[in-house]
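J.: all I have is the shape, not the residue letters:
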């Protein structure tokens with residue numbers, strides 16, 4: 001992955017973190033401030049946002065946030081529980097993912113999808129391409145892997161989906177994971 005692509009995602013996530021921190025401070029010190037006014041002031045107070053070439057106005061819930069959520073919702077469950085390897089839930093949102101390249105042993109099972117998406121996110125093999133004029137939901141996500149993580153070899157897994165499809169997947173997966181691990185909890 002080109003470092004500029006990942007840098008864009010890092011900067012977007014930094015903006016969101018800063019937004020949430022400053023919003024909390026604003027609520028504490030000026031509870032009458034409207035959200036609209038806070039957002040306008042936030043953009044005016046941060047030069048990098050005012051001069052951004054981003055085709056979308058800044059929103060705290062944008063494509064870069066999905067990358068952070070993916071780390072928390074996909075990578076961490078795999079790291080926290082070996083039983084996830086035995087779990088193979090039906091995830092309807094995966095139908096909106098387009099795999100243009102898969103390893104020979106890819107079965108298209110939910111577990112295979114989760115494993116490859118987990119590796120992509122964990123290793124930063126993700127590119128987010130905005131779709132100007134179409135809104136956040138239409139941005140394109142591309143995720144990929146290399147055989148044994150060796151970046152000198154050709155990619156052996158490539159898939160794409162829209163931002164909205166990726167968000168649907170994350171939402172569906174994490175709800176099912178939490179229900180699986182904590183069956184008595186209401187979601």
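T.: Structure's in. What do you need? Because the structure is a prediction, the values reported are computed rather than measured.
J.: now do the helix or strand of the chain with the lowest mean pLDDT: everything it contacts.
T.: Of the helices and strands making up the chain, the lowest-confidence element is helix 47-50, at a mean of 71, by mean pLDDT, DSSP states H and E. For helix 47-50, contacts defined as CB atoms under 8 Å, 6 or more residues apart in numbering pick out 11, 15, 42, 43, 44, 58. To be clear about C-beta, it is placed using only N, CA and C from the backbone, and glycine gets the same treatment.
J.: what's around the closest residue to residue 179 other than its chain neighbours, how many residues?
T.: Nearest non-adjacent residue to residue 179, counting by CB to CB, 6 or more residues apart in numbering: residue 187, 6.1 Å away. When neighbours are counted by other CB atoms under 10 Å, residue 187 registers 8.
J.: now do the same for residue 187: its pLDDT.
T.: Listed pLDDT for residue 187 reads 75.
J.: that one contacts residue 177, correct?
T.: No - with contacts counted by CB atoms under 8 Å, residue 187 stays clear of residue 177, the gap being 10.3 Å.
J.: residue with max distance from the center of the chain?
T.: When distances to the mean C-alpha position of the chain are computed (CA atoms, centre = their mean), the maximum falls on residue 32, with 32.5 Å.
J.: and that one, helix, strand or coil?
T.: Secondary structure, DSSP: H, G, I helix; E, B strand; the rest coil: residue 32 is coil.
J.: so who does residue 119 touch?
T.: Residue 119 is in contact with 125, 145, 149, 157, counting by CB under 8 Å, 6+ apart.
J.: meant to ask about residue 78
T.: Listed by CB under 8 Å, 6+ apart, the contact partners of residue 78 are 84, 114, 115, 118.
J.: so which helix or strand takes in it?
T.: Applying DSSP states H and E as the criterion places residue 78 in helix 76-80.
J.: next, the buried residues of that helix.
T.: If you call a residue buried by 16 or more other CB atoms under 10 Å, then helix 76-80 has these buried ones: 77, 78.
J.: now do stretch 66-78
T.: Result for stretch 66-78 [16+ other CB under 10 Å]: buried residues 66, 67, 68, 69, 70, 73, 74, 75, 77, 78.
J.: how far does it stretch from start to finish?
T.: 17 Å (CA to CA, to the nearest Å).
J.: neighbours around residue 126, how many?
T.: Going by other CB under 10 Å, the residues that sit close to residue 126 add up to 21.
J.: next one: phi and psi at it?
T.: Main-chain torsions, residue 126, degrees, to the nearest 10: phi -150, psi 140.
J.: from residue 166, how far off is it?
T.: Here residue 126 is placed at a distance of 9 Å from residue 166 (CB to CB, to the nearest Å).
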